[in-house]
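Could you look at this predicted model? Sequence included:
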Amino acid sequence: WVVYNGYADASKVPPGWRGWLCHNVDVAPSEEKYQPKAWQKPHIENQTGTANAYRPAGSQLSWGQRPAATGDYVSWTPGE
């Protein structure tokens, strides 16, 4: 078995290592000069449950108040 040092979260695995762990590549990043593509953002682990988590406008967890309804839609009523 494995005893993890700290919290075990799969999102902590950087893309280069994920490819090796999933058998998408044969060579581990430590055995080659892995360079992320220019379009790749720096790796950030899952932020759920932290102050950095995404909270869209209107979410109960976001700061501020929910935007007022604009009335630009018609709700569905059964039988109409």
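Sure, I can see it. Numbers count the residues shown, from 1 in each chain.

Give me the phi and psi angles of the most centrally placed residue in the chain.
Centroid-nearest residue in the chain: N46, 5.1 Å away (criterion: CA atoms, centre = their mean). Backbone torsions for N46, taken as degrees, to the nearest 10, come to phi -50, psi 130.

which residue sits closest to it in space, ignoring its chain neighbours?
Leaving aside its chain neighbours, N46 sits nearest to S11 (3.7 Å; criterion: CB to CB, 6 or more residues apart in numbering). To be clear about C-beta, it is placed using only N, CA and C from the backbone, and glycine gets the same treatment.

And that neighbour, how far from I44?
Distance, S11 to I44, using CB to CB, to the nearest Å: 8 Å.

With G6 instead?
Noted for G6: a distance of 17 Å to I44, by CB to CB.

neighbour count winner among the two?
Applying other CB atoms under 10 Å to G6 and I44 shows that I44 carries more neighbours, namely 10 against 6.

what about the more buried one, distance to K12?
Applying CB to CB to I44 and K12 gives a distance of 10 Å.

just R18 next, same as before
Per CB to CB, R18 is found 10 Å from K12.

My guess is the residue nearest to the centre of the chain contacts V13. True?
No: contact criterion CB atoms under 8 Å: N46 and V13 do not qualify, at 10.7 Å.

Need the distance between the two termini of stretch 35-53.
27 Å (CA to CA, to the nearest Å).

Stretch 41-53 too?
Distance across stretch 41-53, first residue to last, is 17 Å (CA to CA).

Ok, stretch 48-68 next?
The first and final residues of stretch 48-68 sit 27 Å from each other (CA to CA).

Repeat that for stretch 10-17.
11 Å.

In what element of secondary structure is G16 found?
helix 15-21 (DSSP states H and E).

Could you list the low-pLDDT ranges of the chain?
Applying pLDDT under 70 to the chain picks out residues 64, 66-67.

mind listing the strands in it by residue range?
Using DSSP state E, no strands are assigned anywhere in the chain.

For W20, give me its contacts.
V27, A28, P29 (CB atoms under 8 Å, 6 or more residues apart in numbering).

and of those, the nearest to T77?
T77 lies nearest to P29 out of the contacts of W20, by CB to CB, at 57.0 Å.
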